[in-house]
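Chemist: here is my input; please provide its structure:
(3 chains)
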Amino acid sequence: MAYWLFKSEPSTWSWEDQVAKGATGEEWDGVRNYQARNNMRAMKLGDRGFFYHSQKDKAVVGIVEICAEAHPDSTTDDERWECVDIRAVEPLSRPVTLSEIREHPDLSEMALLKNSRLSVQPVREDEWRIVCALGGIEP
DNA sequence: GCCAACGTTGGC
DNA sequence: GCCAACGTTGGC
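Modeler: Residues are numbered from 1 along each chain as shown, chains lettered A, B, ... in the order given. Reported below is the predicted structural model:
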């Protein structure tokens, strides 16, 4: 199983919006960046991801699961762009903020810090475990 | 609201 | 295929 991180501005699409979609989930559409798209193409059914709120929150707030592998993005006719569907699994007991991640010595390699503008990122298994621990949930 | 970083576009 | 111009993102 692989791990990922999905970044969203809460004013555009928030964790609460994601939770409201329930087990059916929702397309992670609108991505127009090749690196982010390639990451989504690499995702397998059942892979897990962090849901990160950018802008005001700047924190990982929940766990999501891939519930449909890459398929054409319904918001465009441009066949270059694909997306996966994700569904909310559970919220973190407490959000893990960007500053906490930055301060943690074992999280310094996270794409969130190294490539802050990438909206869909891979997360290493050790990073996954640490952030889950900080968030007060089981990995 | 500003600005740095960075990805994309388009002219050459 | 290079690179300048431009647009967008996201932290501060």
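Chemist: can you pull the contacts of A:H53?
Modeler: By CB atoms under 8 Å, 6 or more residues apart in numbering, A:H53 lies in contact with A:8-10, A:14-15, A:59-61, A:95. Every C-beta, even on glycine, is put in place using the N, C-alpha and C of the backbone.
Chemist: and if you look at A:P122?
Modeler: By CB under 8 Å, 6+ apart, the contact set of A:P122 is A:2-5, A:39, A:42, A:111.
Chemist: I'd like the residues you listed as CSV, with secondary structure and distance to DNA strand B appended.
Modeler: Shown next, in CSV, are the contacts of A:P122 (DSSP: H, G, I helix; E, B strand; the rest coil; distance: CB to the nearest atom of the strand, whole Å):
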residue, secondary structure, distance to DNA strand B
A:A2, coil, 21
A:Y3, strand, 20
A:W4, strand, 17
A:L5, strand, 15
A:N39, helix, 12
A:A42, coil, 16
A:A111, helix, 10
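Chemist: Throw those residues into CSV and include pLDDT and distance to DNA strand C, thanks.
Modeler: Listed next are these as CSV, based on pLDDT from 0 to 100; distance: CB to the nearest atom of the strand, whole Å:
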residue, pLDDT, distance to DNA strand C
A:A2, 96, 20
A:Y3, 97, 18
A:W4, 97, 14
A:L5, 97, 10
A:N39, 94, 13
A:A42, 95, 19
A:A111, 93, 11
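Chemist: now list the buried members of those.
Modeler: A:2-5, A:39, A:111 (16 or more other CB atoms under 10 Å).
Chemist: need the strands for chain A, in chain order.
Modeler: Assignment of strands within chain A using DSSP state E yields the ranges A:3-8, A:26-27, A:48-53, A:59-72, A:82-97, A:120-123.
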